[in-house]
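> Give me a 3D structure for the following:
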Amino acid sequence: NREHIDIPLSFMVPGIARKAGRRCPFQQGWGRGAKSWKTDRMLQKTFPGGVEPMSARLVPKERDTRLDVFRALCLLTIFVNHVPGQYLEYLTHKNFGFSDSAEAFVLISGLSVGIAYGGKFVSGAQLAMTLKIWRRALALYIAHIMTSIVTLAIFAGGALYFGRQDLIGEINIRPMVEQTEQGIVAMVLLGHQLGYNNILSMYAALFLMLPGILWLNGVSKKLLLLLSAALWLTAGIFKFVPSNFLDEGYWFLNPWSWQFLFVIGVVMMTYVRNGGSLPRWPWLIALSGLYLAVSAVWVLFSFWSIDFSFGLPAVLTGFDKTFLSTPRLLHVLALGYLIAVTPRISNLAKLDSDHPLAVVGRHSLPIFIFGTILAMSGQVLLFVTGKNPVVGSLFVVAGIGLHFVYAYYLEWLRGIAMAKPLRAA
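The predicted structure is shown next:
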């Protein structure tokens, strides 16, 4: 038996370990043992109290769905945030803290990678695993290019159909129109990114780095964390970031910065895989809760004008998303830590495998692409209706419903693909 374990797109980008043959979008690594008890034990250490001891089970149960569910929540939240100007946007957790669903998605992706590849990147299999991982990176790159092309078509179509040429001035499209030849080359070479179309390119870059990350993780987790932190700090201080070709800007999500959060997820899950467990220190739990409370007050009351930098680099004291500044990084880590060490919270996401959220999380890449295309259509709709928040809210509600419909359609297709043809008697 072979099981398919994947990540993210978190947005996106599922499942920790499932029945044989389940395909996943963001990373498609194959492992052994369709009923792996080791995975459940890893999750039990990561989410205490959520998995029964092996001695209490004679028959393996359904796979743990918590990462699937959290991934689905990230994907849906990304969709909501990518249609700005409607009411549901004010309900997402970016309004109650320093980080948003993008950080949560990348952290979950790192955890999933630790499960999918952590025990397989060993001597004798490293070359094959590297090629498999880079093939996933190529798939992410192609998905990024295709969503960018569709986004251009949606905005250009809106400009033609509604007679709103000012749509071309949105989401960084105009440079491509004014410099078409250079723009096409720049987009293919990742030297120009459209607004709201920048997660997959960053994620593909992380997968290009993944073989090196896994190799260092096998050598020394402390060394990996040290080098990753050094790269994150260097990128933030010296603005080490992939640049754009058509203007003087750079990538919105810097992979040299975001790799640190990804690496933390990989290290944490492989540490648990090797028998470790998250510490449940009361002082750390209290400090994490306090930090989340302070960040919520900070955002709710807009204390952005307060300067507490003390002359330190912005990556340490600012709130920049491109370089994943420390306040944002600490916020998602504090949130993830509290969920992981609090069974009453983490077990809320332990749903049946056929639950709508679990199904959405299992198909993260196609769901993310679907959500991106829907969100771009929603932006055009809001633009031509004078940014009417009621229209936008109705569109987002319908879009969330369509996410579930599409996820079940993908599940149905997979069921057909997995069905064995009946042999003639």
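> Give the residue spans of this structure that score low on pLDDT.
1-62, 420-425 (pLDDT under 70).
> what's the longest helix in it?
helix 126-161 (DSSP state H).
> tell me which residues of that one are tucked away?
129-130, 132-133, 136-137, 139-141, 143-145, 147-148, 150-152, 154-155, 158-159 (16 or more other CB atoms under 10 Å). (Each C-beta comes from the backbone N, C-alpha and C, glycine too.)
> repeat for stretch 192-201
Neighbour counts over stretch 192-201 (16+ other CB under 10 Å) mark H192, Q193, L194, Y196, N197, N198, I199, L200, S201 as buried.
> Start and end of that stretch, how far apart?
Distance between the two ends of stretch 192-201: 11 Å, counting by CA to CA, to the nearest Å.
> what's next to that stretch, contact-wise?
With contact meaning CB atoms under 8 Å, 6 or more residues apart in numbering, stretch 192-201 is reached by 9, 11-12, 78, 82, 102, 105, 140-141, 143-144, 147-148, 151-152, 170-173, 175-176, 183, 186-187, 190, 244-246, 251-253, 368, 372, 375-376, 379.
> Tell me, how many residues neighbour D354?
When neighbours are counted by other CB atoms under 10 Å, D354 registers 11.
> so is it in a helix, a strand, or just coil?
Secondary structure, DSSP: H, G, I helix; E, B strand; the rest coil: D354 is coil.
> And it, how close does it get to T65?
10 Å (CB to CB, to the nearest Å).
> a helix runs through F310, doesn't it?
No: per three-state DSSP, F310 lies outside any helix segment and is coil.
> burial count for the nearest residue to it once chain neighbours are set aside?
In space, and not counting its chain neighbours, F310 is closest to T317: 7.3 Å by CB to CB, 6 or more residues apart in numbering. Residues contacting T317 under the criterion other CB under 10 Å number 16.
> got the CA coordinates for stretch 340-353 in PDB?
Taking Å, rounded to 0.1, in the frame of the first residue of the first chain, the C-alpha atoms of stretch 340-353 are listed here in PDB:
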ATOM      1  CA  ALA A 340      -0.600  22.900  19.600                       C
ATOM      2  CA  VAL A 341      -0.300  22.600  23.400                       C
ATOM      3  CA  THR A 342      -4.000  23.200  24.200                       C
ATOM      4  CA  PRO A 343      -6.000  20.000  23.300                       C
ATOM      5  CA  ARG A 344      -9.300  21.800  23.800                       C
ATOM      6  CA  ILE A 345      -8.400  24.100  21.000                       C
ATOM      7  CA  SER A 346      -6.600  21.700  18.600                       C
ATOM      8  CA  ASN A 347      -9.200  19.000  19.000                       C
ATOM      9  CA  LEU A 348     -11.900  21.300  17.700                       C
ATOM     10  CA  ALA A 349     -10.200  20.800  14.300                       C
ATOM     11  CA  LYS A 350     -10.200  17.000  14.600                       C
ATOM     12  CA  LEU A 351     -13.100  16.400  12.300                       C
ATOM     13  CA  ASP A 352     -14.300  13.500  10.200                       C
ATOM     14  CA  SER A 353     -12.400  12.900   7.000                       C
END
